[in-house]
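# no sequence for this one, just the structure:
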């Protein structure tokens, strides 16, 4: 049994020892991981739309709406932190890192599901109902 830290969680790997007479079959998959096989991923914390997001390369996330058409490249210059997955190399900005930017591609512009806003006062016949759909932009991180 081996413990490996991957994506911020501990992964437990069990190594099965097959008897000499048993041959490997597709119904019994045997996957062995070593630390040399694992690629350390760079993560960053960016600020956009008044919120902070932890991002990695090839990650898709929904952020507050930004101007742009789908399949257009965007850049987030407000990078608060850059580190590798294990935290051995860490760069923290004060408040932002100079000359660092996270590049992304806009996948889609959309609106979230409707949220009902209801105001009601008892015994006064006061009722108000309105709906709200928050616009968002879905982006895919291409480079840190």
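The structure has been received and is ready for your questions. Since the structure is predicted, the reported quantities are computational estimates derived from the model, not experimental observations.
# need the helix or strand of the protein with the lowest average pLDDT.
Sorted by mean pLDDT, DSSP states H and E, the helices and strands of the chain end with strand 9-13, the least confident at a mean of 43.
# Contacts for the next helix or strand after that strand next, please.
Per DSSP states H and E, the first helix or strand lying C-terminal to strand 9-13 is strand 42-48. Residues outside strand 42-48 that contact it (Cβ atoms under 8 Å, 6 or more residues apart in numbering): 52-57, 63-64, 66, 76, 78-85, 96, 100, 102, 144. Placement of C-beta: from N, CA and C, glycine included.
# got it, and stretch 113-121?
126-134.
# before we move on, back to that, which members of the contacts of strand 42-48 are classed as buried?
Among the contacts of strand 42-48, those buried by neighbour count (16 or more other Cβ atoms under 10 Å) are 53, 55, 57, 63, 66, 76, 78-82, 85, 100, 102, 144.
# if I look at residue 121, how far off is residue 115?
As judged by Cβ to Cβ, to the nearest Å, residue 121 and residue 115 stand 21 Å apart.
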